[in-house]
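Engineer: What follows is a predicted structure for the sequence shown.
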Amino acid sequence: MEIALPRLSGIGLHLFVIIILVALAAYLCHYRKTPGVLPLIASLGARVLWLTCIVMFSVSSSLHWQLVWNKLAFLSGYILVPSWFVFILQVSGWGSWLTWHRLVAIIFAPAVTILIIFTNEWHGWFTVRGILHWLMLDYNYLLALVCWYINLQWIRQSSGLRRRQAVIIAIGPLFSFSGQVTGLFSQWVYAPMLLPVGFLLSALIWCWALLHWRTLNIIPIAKDTVITNMGDGFAVVDNQGYIYELNPAAAAML
């Protein structure tokens with residue numbers, strides 16, 4: 001298998017971002033029973049693995065270990081988009097669509113590809129310029145487009161606080177995507193540093209939406225126009241204090 005990862009100069013920045021992402025994932029473990037948190041932690045873990053692979057590939061002098069870190073980088077890439085897909089389904093209210101059968105169907109192609117990559121020395125079916133590599137890239141980008149479509153539908157169908165939440169969730173991956181594309185394909189000397197910065201900004205935006213607006217604890221129950229547009233504040237709270245619904249007037253008060 002050919003080497004796909006670039007040599008790296010900004011190791012300090014990558015290590016700093018890794019530490020922040022690990023800290024965010026550790027903190028989110030307190031909310032692990034809340035819908036959407038586990039795929040968000042998986043997404044952060046995939047980013048940490050990806051950045052770690054870049055750093056270790058850069059400092060490794062052994063071809064064997066460069067190949068190992070390169071394979072793990074592919075593993076992290078194939079975890080990142082499916083975890084985003086599960087996350088956006090759960091926080092947008094489409095979580096009931098995701099049955100175990102559909103989840104297995106979604107991860108089947110990445111799982112088979114990862115198996116092929118880690119057994120590549122036996123058959124050599126996977127190269128960074130091969131058809132399988134480009135098919136998996138197309139699969140990941142197609143799944144990413146589906147994620148944005150669901151997010152846009154969430155924005156279109158919601159209002160008030162929920163719409164602002166949906167917009168924030170949609171903005172986050174843009175930093176990650178732009179940093180990845182620019183870092184991998186641009187010839188600018190500082191371009192590789194845009195990847196960890198994009199990962200960090202994306203993670204911070206999602207976590208800010210979780211902690212500031214409690215996105216993962218707010219479920220759209222009362223959506224009728226009267227409650228949304230009424231001048232009085234309206235909130236639905238469960239016996240644990242989690243907010244299930246909040247109209248714009250109540251959001252302004254709080």
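Structural biologist: Structure's in. What do you need?

Engineer: in the host helix or strand of A105, what counts as buried?
Structural biologist: Assigned by DSSP states H and E, A105 belongs to helix 100-118. Going by neighbour count (16 or more other CB atoms under 10 Å), the buried part of helix 100-118 is 106-107, 109-110, 113-114, 116-118. Every C-beta, even on glycine, is put in place using the N, C-alpha and C of the backbone.

Engineer: Could I get the pLDDT score of I88?
Structural biologist: Looking at I88, its pLDDT reads 92.

Engineer: actually L142, not the one I wrote
Structural biologist: 94.

Engineer: Give me the neighbour count for it.
Structural biologist: 11 (other CB atoms under 10 Å).

Engineer: Next up, phi/psi of it, please.
Structural biologist: Torsion angles at L142 (phi, psi; degrees, to the nearest 10) stand at phi -70, psi -40.

Engineer: Same check on T127?
Structural biologist: Here T127 shows phi and psi, under degrees, to the nearest 10, equal to phi -130, psi 160.

Engineer: that older thread, quick check, distance from the next helix or strand after the helix holding A105 to the centre of its chain.
Structural biologist: Once helix 100-118 ends, the next helix or strand along the chain (criterion: DSSP H and E) is helix 120-123. Offset of helix 120-123 from its chain centre (CA atoms, centre = their mean, to the nearest Å): 30 Å.

Engineer: on contacts alone, who are the packing partners of helix 120-123?
Structural biologist: Identification of packing neighbours for helix 120-123 by 3 or more CB pairs under 8 Å, 6 or more residues apart in numbering; DSSP states H and E yields no helix or strand.

Engineer: Quick one: mean pLDDT over it.
Structural biologist: Here the average pLDDT along helix 120-123 is 88.

Engineer: again with stretch 233-240
Structural biologist: Taken as a whole, stretch 233-240 has a mean pLDDT of 70.

Engineer: Where does pLDDT dip in the protein?
Structural biologist: By pLDDT under 70, the low-scoring segments of the chain are 1-9, 182-192, 211-229, 238-245.

Engineer: if we can go back for a sec, from the contact counts, what lies against the helix holding A105?
Structural biologist: In terms of contact count using 3+ CB pairs under 8 Å, 6+ apart, helix 100-118 is assigned the packing partners helix 63-92, helix 131-157.

Engineer: Pipe the ones you listed into CSV and attach distance to M56 per row.
Structural biologist: Shown next, in CSV, are these (distance: least, CB to CB, whole Å):
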stretch, distance to M56
helix 63-92, 5
helix 131-157, 21
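
Engineer: Buried deepest among the ones you listed, which one?
Structural biologist: helix 63-92 (a mean of 20; mean count of other CB atoms under 10 Å).

Engineer: and that one, what does it pack onto?
Structural biologist: helix 37-59, helix 100-118, helix 131-157, helix 160-185.
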